[in-house]
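*Asks:* here are the coordinates; sequence isn't available:
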């Protein structure tokens, strides 16, 4: 069985994919996004920190970053609409079907990064709080 962290990441990726289809969601892409792919949402797990220990339970904070990459004359509008849809999808069920305690928006960099060939990248970061058993990462606490 996968860890609670992995289960959360898979659930988040699926939720984002459903919310912005047919735009692809790529989790931790290991190669650059090609120019022909069109708009895309990149999902990164930035960190997973332990915030507390109590009674054989461990409170954790998973930080994720969603980055929309878009190109063309309408890139800002496309990226903004995709970030809005992704945010709504994440905040619809902040318990991630019982796996998490909460999702909280951390920040969004609305100053677009100038990427390759006129592409822009708009990142938004979220904190997902969850709890596991101290001895078993596959069990919620």
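*Replies:* Arrived safely, thanks for sending. Note that this is a predicted model, so its numbers are computed, not measured. Numbers count the residues shown, from 1 in each chain.
*Asks:* quick one, helices of this structure?
*Replies:* Counting by DSSP state H, the segments of the chain that form helices are 4-20, 75-92.
*Asks:* which strands and helices lie in contact with the first one?
*Replies:* For helix 4-20, the contact count by 3 or more C-beta pairs under 8 Å, 6 or more residues apart in numbering; DSSP states H and E identifies strand 25-27, strand 40-54, strand 57-70, helix 75-92, strand 120-133 as packing neighbours. For the C-beta atoms, the positions are set from N, CA and C on the backbone; glycine is no exception.
*Asks:* turn these into TSV, columns for mean pLDDT, distance to residue 105 and mean neighbour count.
*Replies:* TSV is the format used below for these (pLDDT from 0 to 100; distance: least, C-beta to C-beta, whole Å; neighbours: other C-beta atoms under 10 Å):
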stretch	mean pLDDT	distance to residue 105	mean neighbour count
strand 25-27	95	18	18
strand 40-54	95	14	15
strand 57-70	96	10	20
helix 75-92	94	7	17
strand 120-133	95	6	19
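*Asks:* so which of these is nearest residue 18?
*Replies:* helix 75-92 (7.1 Å; C-beta to C-beta).
*Asks:* contacting residues around that closest one?
*Replies:* Helix 75-92 is contacted by residues 12, 15-16, 18-20, 23, 39, 41, 66, 68-70, 72, 103, 105, 108, 112, 118-122, 124, 126 when judged by C-beta atoms under 8 Å, 6 or more residues apart in numbering.
*Asks:* if we can go back for a sec, can the helices of the chain go into a markdown table with extra columns for distance to residue 132?
*Replies:* Converted to a markdown table, these look like this (distance: least, C-beta to C-beta, whole Å):
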| stretch | distance to residue 132 |
| --- | --- |
| helix 4-20 | 5 |
| helix 75-92 | 21 |
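*Asks:* out of those, flag the one nearest residue 46.
*Replies:* Using C-beta to C-beta, the nearest of the helices of the chain to residue 46 is helix 4-20, at 11.5 Å.
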